[in-house]
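*Asks:* This is the structure alone, sequence omitted:
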């Protein structure tokens, strides 16, 4: 029912209340019995109209509650979608930054090894064997903040990868020091200690095609 219809019903109830007074009914010649019958009928009509009015009000209240709940659900849904998309974007941005950092570190380490005369295939071998050290490095722009970990590799495990220049100008690769027994690839990969494994790779680099 529209607002106008509800207002019309209310006006009818008011009019009935004004018209159906005992004195007015008495004045038009109705008997007491007839007046009681009319008043009872009037009460039933008024009660029915009041119930209808209350029903409309209850329906309107429920509609308002449902509308408010719907708006809340919309807001929650939009927030959930925003949070999910924001999280996905932040994860993507983090992965991009991590990849950029990895590339910058590897580039800097390559330059460092080249400055220590580790070049060519030996450089590729060194890069594969020092992933842990590269990952732990801290950068200052494009420069490595502290090269100690790399210095230790060059002086130790990677010593055999450093090229030297002989008097006739031929730059041979230094053979593994110490004359230790040769190992198989499987034995080298089974070494758990990172430094020892890197050293074994350097001393047996011919097993890896270098």
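*Replies:* Yep, it's here. Everything quoted here is computed from the prediction, not taken from an experiment.

*Asks:* which element follows the strand or helix carrying residue 68 toward the C-terminus?
*Replies:* When elements are assigned from DSSP states H and E, residue 68 belongs to helix 32-115. Going down the chain from helix 32-115, the next helix or strand is helix 120-129, by DSSP H and E.

*Asks:* which residues touch that following helix?
*Replies:* Helix 120-129 has contacts (CB atoms under 8 Å, 6 or more residues apart in numbering) with 106, 109-110, 113-114, 118, 134, 153, 157-158, 161-163, 173, 197-198, 201-202, 205, 208-210. In this view, the C-beta of every residue, glycine as well, is placed from N, C-alpha and C.

*Asks:* Tell me the spacing between the residue lying farthest from the centre of the chain and residue 35.
*Replies:* Residue distances from the centre of the chain (CA atoms, centre = their mean) peak at residue 29, which lies 84.5 Å from the mean C-alpha position. Counting by CB to CB, to the nearest Å, the separation of residue 29 from residue 35 is 10 Å.

*Asks:* does residue 134 count as helix, strand or coil?
*Replies:* helix (DSSP: H, G, I helix; E, B strand; the rest coil).

*Asks:* How much space separates the spatially most central residue of the chain from residue 75?
*Replies:* Central residue of the chain (CA atoms, centre = their mean): residue 87, 2.4 Å from the mean position. When distance is defined by CB to CB, residue 87 is 18 Å away from residue 75.

*Asks:* what does residue 151 give?
*Replies:* Residue 151 sits 58 Å away from residue 75, going by CB to CB.

*Asks:* same question, residue 162
*Replies:* Going from residue 162 to residue 75 by CB to CB gives 65 Å.

*Asks:* So for these two, which sits in the more crowded spot?
*Replies:* More neighbours surround residue 162 than the other of residue 162 and residue 75, with 18 against 10 (other CB atoms under 10 Å).

*Asks:* how about low-confidence regions in the chain?
*Replies:* 1-22, 25, 82, 165-181, 208-210 (pLDDT under 70).

*Asks:* Mind doing that once more with 90?
*Replies:* The chain contains residues with pLDDT under 90 at 1-107, 126, 129-135, 139-143, 145, 156-160, 162-210.

*Asks:* In terms of residue numbering, what are the domains of it?
*Replies:* Annotated domains of the chain cover 3-76, 116-208 [automatic domain parsing].

*Asks:* So which of the ones you listed is the most surrounded?
*Replies:* Highest mean neighbour count among the domains of the chain (mean count of other CB atoms under 10 Å): domain 116-208, with a mean of 15.

*Asks:* Could you tell me how far that one lies from the centre of the chain?
*Replies:* Offset of domain 116-208 from its chain centre (CA atoms, centre = their mean, to the nearest Å): 40 Å.

*Asks:* Kindly report the same for stretch 99-107.
*Replies:* The answer for stretch 99-107 is 24 Å, by CA atoms, centre = their mean.
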